[in-house]
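K.L.:
when you get a sec, could you give me coordinates for this:
(one chain, ligands or ions: 1)
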Amino acid sequence: MALFAKKETPKAEFSVLPNHIGIIMDGNGRWAKKRGLPRTAGHKAGSEVFKKIAKECGRLGIKEATFYAFSTENWKRPKEEVNALMGLFKDYLIDAENDLTASGNIRVRFIGERNGISQELLHLMDEAEIETGKRNGTLVNIAVNYGGRQEIVSAVNKLIANGKTKITENDISDSVYTMPDCDLIIRPSGEERLSNFLLWQAAYSEFWYSDVLWPDFKEKDLHSALAEFEKRNRRFGG
Ligand code: FPP
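P.N.:
Predicted coordinates:
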């Protein structure tokens, strides 16, 4: 009976899709505070939203999506919070069988400084990259122990170590962790700053902000950002 027919979510159609989007997953702490919960509960809820939105990027056919999960500055947070975040990354990867399979054809890659991350987590990261590496869906970059300045400095150091004495923009583009330019940066939670995210790749990014806190972020919010992106007139300085 039509009345009981399962409602299909209509596939959002966009005439222009960004090749590469960056998402700053912000507002977990405030979300938890509003509910009288510890900050770690906000991160846990945020990690479920990460899985949902990564999957949606895959469904929409976005080529690459970079999620800011842990910055080089986040080590300054209380030990308990840092451990909880590392635990969430581990859980996601240990449950890779379910999470990564359920998330369709997405490929997972970690970007950031490996120094400082436990051997156990590094091993899980490597395994997930290998396991999903042969897929051809959305490349999901998870930025862990990542800083945009650190990324540029490390790219330059790599070039120097390889004997380069005169460095061009292309050299740096080829040496940063990921390089298609980032077309769209999404930041929920009402903050309107870049916070050391994708500094090199964001040279011509469009920005989309929203007051919604990351754990409340839904597919429809991603669609709103994409709909807004469709309307932007990008001139790249020309
Ligand atoms: C910033 O919000 C958020 C973080 C520092 C952590 C983001 C990490 C996740 C959502 C988990 C991702 C999980 C996987 C598996 C990739 P905040 O806590 O600083 O929020 P606040 O500004 O409200 O305090």
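K.L.:
ok, residues contacting the helix or strand encompassing E228?
P.N.:
Using DSSP states H and E, the element containing E228 is helix 219-231. Here helix 219-231 makes contact (CB atoms under 8 Å, 6 or more residues apart in numbering) with 9, 12, 14-18, 21, 52-53, 56-57, 60, 183-184, 186, 188, 206, 208, 210, 212. C-beta here means a position set from N, CA and C on the backbone, and glycine is covered the same way.
K.L.:
okay, and which of those map to helices?
P.N.:
Members of the contacts of helix 219-231 lying in helices (criterion: DSSP state H): 52-53, 56-57, 60.
K.L.:
list buried residues within those residues.
P.N.:
Restricting those to buried positions leaves 53, 56-57, 60, with burial counted as 16 or more other CB atoms under 10 Å.
K.L.:
including pLDDT and distance to F89, could those go into TSV?
P.N.:
As requested, these are exported to TSV (pLDDT from 0 to 100; distance: CB to CB, whole Å):
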residue	pLDDT	distance to F89
I53	96	16
E56	94	20
C57	95	19
L60	94	24
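K.L.:
can you pull up the most central residue in the chain?
P.N.:
For the chain, F67 is the residue whose C-alpha lies nearest the centre (CA atoms, centre = their mean; 0.9 Å).
K.L.:
tell me the phi and psi of that one?
P.N.:
Reported as degrees, to the nearest 10, the phi and psi values for F67 are phi -110, psi 130.
K.L.:
how about it, nearest residue that isn't a chain neighbour?
P.N.:
Using CB to CB, 6 or more residues apart in numbering and skipping the chain neighbours, the partner closest in space to F67 is I23 (5.1 Å).
K.L.:
can you get me a residue count around the one you found?
P.N.:
Taking other CB atoms under 10 Å as the neighbour definition, I23 ends up with a count of 27.
K.L.:
got it, and the one 10 residues further on?
P.N.:
Using other CB under 10 Å, the number of residues around K33 comes to 13.
K.L.:
who's in contact with it?
P.N.:
Residues 39, 42 are the ones in contact with K33 under the rule CB under 8 Å, 6+ apart.
K.L.:
buried residues in the helix or strand it falls within?
P.N.:
Secondary-structure element containing K33, defined by DSSP H and E: helix 28-34. Of the residues in helix 28-34, 28-32 count as buried by neighbour count, 16+ other CB under 10 Å.
K.L.:
for the chain, which residue gets nearest to the ligand?
P.N.:
G29 (2.4 Å; CB to the nearest ligand atom).
K.L.:
now the element after the least confident helix or strand in the chain by mean pLDDT, going C-ward?
P.N.:
When the helices and strands of the chain are scored by mean pLDDT, DSSP states H and E, helix 96-102 comes last with a mean of 61. With elements assigned by DSSP H and E, the helix or strand that comes after helix 96-102 is strand 107-111.
K.L.:
can you give the contact residues for the helix or strand following that following strand?
P.N.:
Following strand 107-111 in sequence order, the next helix or strand is helix 119-132 (DSSP H and E). Contacts to helix 119-132, defined as CB under 8 Å, 6+ apart, come from residues 86, 89-90, 93-94, 96, 100, 106-110, 114, 117, 144.
K.L.:
okay, who's weakest in those residues by pLDDT?
P.N.:
Ranked by pLDDT, the contacts of helix 119-132 bottom out at L100, which scores 62.
K.L.:
picking up where we left off before, now list the buried members of the contacts of helix 219-231.
P.N.:
Buried members of the contacts of helix 219-231, counted by 16+ other CB under 10 Å: 17-18, 21, 53, 56-57, 60, 183-184, 186, 188, 206, 208, 210, 212.
K.L.:
show me which residues of this structure are close to the ligand?
P.N.:
On the criterion CB under 6 Å from any ligand atom, the ligand has as its neighbours in the chain the residues 25-30, 39, 42-43, 46-47, 50, 69, 74, 85, 88-89, 92, 142, 214.
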